[in-house]
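1. Any chance you can model this:
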Amino acid sequence: MNKRIAHSLIFTLLASMGLFCQANSQATPVEAHPLNAIHSLVTEHIKQKIDQQIIEPQISLRKLNPRLKLQSCLHPLELQDRNLNTLTGRMTISVRCSEPVWRVFVPAVVDGKKTVVLSTKGMLKGAVIKREDIKVHALPYKKIPRGSIVNLQTAIGMRTKKPIPANSVLKLKDLQPPYWVFKNQEVTITTYTGSIRVETKGIALKNGVERQQIPVKNMSSKKTIKGIVVAPNQILVP
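-> Have a look, this model is predicted:
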């Protein structure tokens, strides 16, 4: 047996036993990006988005398939939320890596309570809402009617379009703008003569909202004129 044949037999024997390898015969394993890091990033983003706006929040993520293998990102992950104003219900957050390039989408559902304005007592049609007539209360967001008022200051001074029972959620469609002028109360009447501004006192003969034209009695001339409500207790006669 010559040397060339002997060397070939030894090579074959070592290879079959798994004891022979060539340099660089195995590629360096690619490090995978941890999926938990992606989940944590999305959860933290949602927490910051709903901070102090959702009461008793419950965040549920539809986690990525554990068999998904993503190469480790060389730069900080980029997060995109196209519905920043959506605080409850279903939402989908995009997470992107710029190098190597990949993108995943993480669906989430946010449940919890939101504050609304409730009536503390029954109110008749046309009633002007006062601070003691309303309160703030937290309700599950799924039970909150569309168009509900969430801020006390928004409701104060508004007028009811219909009777409202006690402990009812106030809705914008059931209210009218607040009166700036009240019937039989004193107002300031402003008129212009050229560039000269003249102010006199008067008595409103009708309730009035912003930009509404109402009759007013001039206290000096005792005449009834018509003017436009331009501010609380302020009437402009063109």
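2. May I see the domains of this structure written out as residue ranges?
-> Split into domains by automatic domain parsing, the chain comes to 35-111, 113-176, 186-236.
3. Just send these back as TSV, with mean pLDDT and mean neighbour count too.
-> The C-beta positions use only the backbone N, C-alpha and C, and glycine is treated the same way. Output for those, formatted as TSV (pLDDT from 0 to 100; neighbours: other Cβ atoms under 10 Å):
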stretch	mean pLDDT	mean neighbour count
domain 35-111	95	14
domain 113-176	94	15
domain 186-236	94	15
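4. tell me which element Arg67 falls in.
-> Using DSSP states H and E, Arg67 sits in no helix or strand.
5. any idea how far it lies from Leu35?
-> 10 Å (Cβ to Cβ, to the nearest Å).
6. And for Val128?
-> Counting by Cβ to Cβ, the gap from Val128 to Leu35 is 57 Å.
7. Wait, a helix at Leu79?
-> No. Read with DSSP: H, G, I helix; E, B strand; the rest coil, Leu79 is strand and lies in no helix.
8. residues contacting it?
-> Leu41, Val42, His45, Ile93, Ser94, Val95, Arg96 (Cβ atoms under 8 Å, 6 or more residues apart in numbering).
9. again, only using 7 Å
-> Leu41, His45, Ile93, Val95 (Cβ atoms under 7 Å, 6 or more residues apart in numbering).
10. Assign Ser75 to helix, strand or coil.
-> You called it Ser, but residue 75 is His. Going by three-state DSSP: His75 is coil.
11. That one and Val101 touch, don't they?
-> No. His75 is beyond contact range of Val101, at 10.7 Å (criterion: Cβ atoms under 7 Å).
12. packing partners for the longest strand along the chain?
-> Assignment by DSSP state E gives strand 101-119 as the longest strand of the chain. The contact analysis (3 or more Cβ pairs under 7 Å, 6 or more residues apart in numbering; DSSP states H and E) places strand 101-119 against helix 35-49, strand 55-61, strand 89-98, strand 134-140.
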